[in-house]
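**Q** Build me a model:
(one chain, ligands or ions: 2)
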Amino acid sequence: MSSSPLLNRKWKLDFLSKDHSQRIQNKARTALIILNQPIDEELLLKRLWDSSAWHACADGGANRLYDLCGNEERRSQFLPDLIKGDFDSIRPEVKEYYRKKGVDVIQDNHQDYTDLQKCFASLGEIESRVGEQYTVLISGGLTGRLDQTIHTLSVFHKLRVSRPRLFAITNENVGWVLDHGEHTIHVDMSSLGPTCGLLPVGIDETILSTKGLRWNLTEAPSSFDGLISTSNHLAGSEIWIKTTKPIWWCIEIPREH
Ligand SMILES: Nc1ncnc2c1ncn2[C@@H]1O[C@H](COP(=O)(O)OP(=O)(O)OP(=O)(O)O)[C@@H](O)[C@H]1O
Ligand SMILES: Cc1ncc(C[n+]2csc(CCO)c2C)c(N)n1
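**A** Ligands and ions are numbered 1, 2, ... in the order given. Okay, the predicted model is just below:
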């Protein structure tokens, strides 16, 4: 009788590295979706943009990119491949600027899907054409309006099997879903941490075991209604987590980076 092997994933966050050669290692198959949320110039234009080959803005995310670039010279160096949404947030001059520069500017007025989902739909079409899946970096999504934030948590949770390499990056955090199984996470502690969290969202309960944290757990039940490991600390650069159900996991991006 065969049983399915336990999921055992390794994670390395090259896209947050301060080292350019590290950042571009997986560039060819990495996509960036910029949401309408604040993000620092260094983080967005250097680390995330540099790490990705395909760039999209979800509606008002284009305003963020336009404003962060500051002047025409920089703006023309950071042209996205796609701007998509219902266009209730993108400013007219921003839309016109990118349209004139030849960016694919697609209005989709569907009112049952968010601008983030509309960008995923376009990326899915590209992936079908190239026959490969991209790692996806989302700029924003974990802060701001609570309904939008919960939407991000839910989208990631639902995509955990079909699109496991999906990360949300804000000025404060990098976060993603760890599906049931074992995970080994390599962290460059000079650019990430020290705080981290293991968050049982969208599930009744999980059983957690960890190594490499300051407050480790051993076969510990964790639930929204019970124990949640928040404000934990990375104790070293290799973290091991075993979970029986999908959880959200986040690591702090320290302010000076
Ligand atoms: N206040 C906010 N808090 C958190 N996330 C946001 C917020 N505003 C926008 N976003 C994210 O940025 C994306 C683009 O946002 P934008 O402001 O252009 O459109 P929206 O009309 O508010 O969002 P949507 O149409 O997707 O509901 C949204 O899909 C969402 O993921
Ligand atoms: C049950 C239900 N709740 C909310 C919305 C509204 N909504 C969800 S996504 C979206 C698009 C925003 O650009 C809008 C307006 C809906 N359609 N159905």
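**Q** can you pull the pLDDT of Arg255?
**A** In this model, Arg255 is scored at 83, pLDDT.
**Q** Return the residues in contact with it.
**A** Asn171 (Cβ atoms under 8 Å, 6 or more residues apart in numbering). For the C-beta atoms, the positions are set from N, CA and C on the backbone; glycine is no exception.
**Q** Same check on Asp108?
**A** Contacts here follow Cβ under 8 Å, 6+ apart; on that basis Asp108 touches Lys84, Gly85, Asp86, Lys118.
**Q** Surely the third one is in contact with Asn109?
**A** Pointing back at Asp86 there. Yes. Taking contacts as Cβ atoms under 8 Å, Asp86 lies within contact range of Asn109: 5.1 Å.
**Q** which non-adjacent residue is nearest the residue in the stretch 51-200 of the chain that ligand 1 sits nearest to?
**A** Ligand 1 sits closest to Gly144 of the stretch 51-200 of the chain, with a gap of 2.3 Å, by Cβ to the nearest ligand atom. Using Cβ to Cβ, 6 or more residues apart in numbering and skipping the chain neighbours, the partner closest in space to Gly144 is Gln37 (5.4 Å).
**Q** Flag every residue of the stretch 1-150 of the chain that's near ligand 1.
**A** Residues of the stretch 1-150 of the chain found near ligand 1, taking Cβ under 6 Å from any ligand atom as the criterion, are 35-37, 58-61, 85-86, 88-89, 114-116, 140-141, 144-145, 148-149.
**Q** Spit out the contact partners of the residue in the stretch 151-257 of the chain positioned nearest to ligand 2.
**A** Residue of the stretch 151-257 of the chain nearest ligand 2, by Cβ to the nearest ligand atom: His151 (8.2 Å). Residues in contact with His151 (Cβ under 8 Å, 6+ apart) are Thr114, Leu116.
**Q** now swap in Val103 and tell me
**A** If you count contacts by Cβ under 8 Å, 6+ apart, then Val103 has Leu79, Pro80, Asp81, Leu82, Ile83 around it.
**Q** The same query, at a cut-off of 7 Å, please.
**A** With contact taken as Cβ atoms under 7 Å, 6 or more residues apart in numbering, Val103 is in contact with Leu79, Pro80, Ile83.
**Q** Could you list the low-confidence segments of the protein?
**A** Residues of the chain that meet the criterion pLDDT under 70 lie in 1-5, 256-257.
**Q** any idea where the helices of it begin and end?
**A** Along the chain, counting by DSSP state H, helices occupy 20-23, 41, 49-50, 61-69, 72-75, 92-100, 115-130, 146-158.
**Q** Pull out the buried residues from the longest one.
**A** Going back to what we said before, that points to helix 115-130. Buried residues in helix 115-130, counting neighbours by 16 or more other Cβ atoms under 10 Å, are found at Asp115, Leu116, Lys118, Cys119, Phe120, Ser122, Leu123, Glu127.
**Q** again, but for the first one
**A** For helix 20-23, a neighbour-count test (16+ other Cβ under 10 Å) marks Gln22, Arg23 as buried.
**Q** From the contact counts, what lies against that helix?
**A** Using 3 or more Cβ pairs under 7 Å, 6 or more residues apart in numbering; DSSP states H and E as the contact definition, helix 20-23 packs against no other helix or strand.
**Q** Any idea how far that helix is from the middle of the chain?
**A** For helix 20-23, the distance from its own C-alpha centre to the chain's C-alpha centre is 18 Å (Cα atoms, centre = their mean, to the nearest Å).
**Q** List of residues touching it?
**A** The contact list for helix 20-23 (Cβ under 7 Å, 6+ apart) reads Asp14, Phe15, Ser17, Arg47, Asp50, Ser51.
**Q** at 6 Å instead, please
**A** For helix 20-23, the external contacting residues (Cβ atoms under 6 Å, 6 or more residues apart in numbering) are Asp14, Ser17, Asp50, Ser51.
**Q** Next: the third one.
**A** For helix 49-50, contacts defined as Cβ under 6 Å, 6+ apart pick out Arg23.
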